[in-house]
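> From the sequence below, what's the structure:
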Amino acid sequence: MTDSLEYATVGLSQLPLQRRLDFRGRRRLRDDVTIMNGLVDRLIASRQADPDQDKYTDLLQAMLSGVDRQSRQSLDLVNIRYQILTFLVAGHETTSGLLTFTLYNLIHNPDVLAKAYAEVDAVLGDNPTPPNEEQVHQLHYIGQILNEALRLWPPAPAFNRHALEPVMLGGKYPITPDQPLMVLVPALHRDKAIWGSDPDKFDPSHFDPEAVKQRPATAYRPFGTGFRACIGRYFALQEAALALAMVLQRFELIDHLATSSG
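Take a look at the predicted model:
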């Protein structure tokens, strides 16, 4: 999966001729895709062969048994395979990146870290079992911390758009439909008119419920926007909240470099 992502990323900066002549890379990509497709297909087949498959409530079962409300059609198996691969490819690196940025900011903001510990202690206590869904939904400040980390350093830092017709952008820049426009999300998330005079500061209060209500929805877009926005947004946030809460429940975070230099 990682090799496939690397090949696709490198290919973005190559000329078409370079990509056509990269026989070894294309052959390796085909082999990687075959491995990934085979693995997911075996998982699907195993679930279909399970006589008690109705007992499962996970994403795979939802796709196998779900029916569209309008068309009354269900997903075919190839589509399900691609949906699973999309979740794996898009989610493995972005959620871990979010947690990395979050832990870094918590270590460097001890007041925020103390409030996070207090909430985790109040909701989870010292229960060693993983939190349930209801408990995760009670971790409001943890959610604000994750959103603030996404504001400052979103793992997906840009998305593209193009105009549907010729338009004058901001009354200054003529734009035609064939011109791609890149939105730099970290810049959007540092607009002083929206985020205050110090937008680089890590401040989870940016996501207090009242602050969110007063802010334009388009000012915060860590998962993209429109119909092509990340389909796994809520899954990723819940996964990150669960992981972060369990880390804070079990470990004391310290700034290792500061401790070593002291």
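> burial of Gln48, as a residue count?
When neighbours are counted by other C-beta atoms under 10 Å, Gln48 registers 11. Bear in mind the C-beta positions are built from the backbone N, C-alpha and C, glycine included.
> Leu253: how many residues sit nearby?
Counted with other C-beta under 10 Å, the neighbours of Leu253 add up to 15.
> Quick one: the helices in the protein, in order.
2-11, 16-21, 23-49, 59-65, 77-107, 110-124, 133-137, 140-152, 185-188, 192-195, 209-214, 233-250, 256-261 (DSSP state H).
> Export these to TSV and append columns for mean pLDDT.
Shown next, in TSV, are those (pLDDT from 0 to 100):
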stretch	mean pLDDT
helix 2-11	86
helix 16-21	90
helix 23-49	94
helix 59-65	91
helix 77-107	90
helix 110-124	97
helix 133-137	92
helix 140-152	98
helix 185-188	96
helix 192-195	96
helix 209-214	95
helix 233-250	93
helix 256-261	71
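> Would you reformat those as CSV and include distance to Gly224?
Formatted as CSV, the helices of the chain follow (distance: least, C-beta to C-beta, whole Å):
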stretch, distance to Gly224
helix 2-11, 17
helix 16-21, 26
helix 23-49, 23
helix 59-65, 20
helix 77-107, 11
helix 110-124, 27
helix 133-137, 24
helix 140-152, 12
helix 185-188, 9
helix 192-195, 18
helix 209-214, 18
helix 233-250, 9
helix 256-261, 34
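> okay, the ones you listed, which one's buried deepest?
Among the helices of the chain, ranked by average contacts under mean count of other C-beta atoms under 10 Å, first place goes to helix 140-152 (a mean of 22).
> for it, packing partners?
helix 77-107, helix 110-124, helix 233-250 (3 or more C-beta pairs under 8 Å, 6 or more residues apart in numbering; DSSP states H and E).
> and Gly143, how far is that from Asp121?
17 Å (C-beta to C-beta, to the nearest Å).
> sorry, back to before: looking at the helices and strands packed on helix 140-152, spot the one closest to Arg20.
Across those, Arg20 has its closest neighbour in helix 77-107 (24.0 Å, C-beta to C-beta).
> could you give the angle of the closest one to helix 233-250?
If you take axes from the mean of the first three to the mean of the last three C-alpha atoms, to 10 degrees, helix 77-107 sits at 40 degrees to helix 233-250.
> angle of helix 77-107 against helix 140-152?
Helix 77-107 and helix 140-152 are oriented at 100 degrees to each other (the same axes, to 10 degrees).
> coming back round to it: now the helices and strands packed on helix 140-152 in CSV, with distance to Tyr173?
Formatted as CSV, these follow (distance: least, C-beta to C-beta, whole Å):
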stretch, distance to Tyr173
helix 77-107, 31
helix 110-124, 39
helix 233-250, 30
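> nearest to Leu257, of those helices?
helix 77-107 (9.5 Å).
> Following the record's annotation, map out the domains of this structure.
Domain assignment for the chain by automatic domain parsing gives 1-75, 91-261.
> Lovely, talk soon.
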